[in-house]
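[1] Would you be able to build a 3D model of this:
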Amino acid sequence: MGKVVATLLIMVLFASACGGSTDPYADQVATFSVVLSDRPSTKHAATGMDPWSLFIHHKVFSQNYFHGRMTGTYRIAISKNGRDWVDLGVPTMVDMELQTEEEAEVFQLHSPTEIPSGTYAFLRLVSISGTIMLQSGAEIDGETLTAPVPLVLGGGELELEMGLAMPFFVASGSDMVLAIDFNAEGWVSSENVEVGKVPATDIEAAISLTPYDRVPASITPRTDRQV
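    Predicted structure coming up:
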């Protein structure tokens, strides 16, 4: 199984915190969840178009237009130091739609899990039998698919181990979510369609992570709002 170690820029909504040689958060815990999705290009979101305009968007920005489904067994682990790993739930079978803005297609990988608080700087994603099935009619680099086409992720077994350029902080007592967007528009290509598989390096270059607090502690509801 090939392992890819990459530096990944992520959008972080919380300040990073660094401790000394000992972990000051060892006895503090938080709740943590992971959700998976494959949303259209960020350019699409920036235009403010509704999903009905997705086809036009891809034409305007000369991007591929496709739909399909991703399946396989996935598991996630995170680490503070790259040596000691916290497994998040058990390996889970995933079946989700590609290139959709529908919230219903966001896949929760595991039940909320209790983890130690602190700053996490590494993530490991493992998939077994990971596959996407592109629907007939997809337009890939100027070519139209006349039949469904399967693509195997990483040759069937995929392991990505990523050092995060901007670690995220999990506060004690918080309810954190890590949203993972596969950004398939970045690795579904005519070259990969031709060989029937997607290299791990293509996936790690496109994937994005967004950690957020389900109920941010810093936000206090207003009680003086006038109706």
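[2] Poorly predicted segments of this protein, please.
    Scanning the chain with the threshold set as pLDDT under 70 gives 1-21, 41-63, 103-104, 215-227.
[3] On the three-state scheme, the most centrally placed residue in it is what?
    What sits nearest the mean C-alpha location of the chain, by CA atoms, centre = their mean, is I180, with 1.6 Å. The three-state label for I180, taken from DSSP: H, G, I helix; E, B strand; the rest coil, comes out as strand.
[4] residues contacting the nearest residue to it once chain neighbours are set aside?
    Nearest residue to I180, sequence neighbours excluded (CB to CB, 6 or more residues apart in numbering): L36, at 5.2 Å. To be clear about C-beta, it is placed using only N, CA and C from the backbone, and glycine gets the same treatment. Residues near L36 by CB atoms under 8 Å, 6 or more residues apart in numbering: Y74, V94, M96, V106, F107, L109, I180, F182.
[5] With L134 instead?
    Going by CB under 8 Å, 6+ apart, L134 touches F66, H67, G68, I140, L145, P148, V149, P150, L151, V188, V193.
[6] and if you look at F32?
    Applying CB under 8 Å, 6+ apart to F32 gives the contacts I78, L88, P112, T113, E114, I115, V170, M176, V177, L178.
[7] Shouldn't it be within a helix?
    No. Looking at F32 with three-state DSSP, it is strand, so not inside a helix.
[8] I'd say V106 and V35 touch.
    Yes. Under the criterion of CB atoms under 8 Å, V106 makes contact with V35 at 5.2 Å.
[9] Please enumerate the shared neighbours of these two.
    A179.
[10] And the strands in this protein?
    3-8, 29-37, 68-79, 85-97, 107-108, 113-116, 118-134, 139-140, 143-144, 149-153, 157-170, 175-181, 197-198, 208-213 (DSSP state E).
[11] nearest to D23, of the ones you listed?
    Across the strands of the chain, D23 has its closest neighbour in strand 118-134 (6.0 Å, CB to CB).
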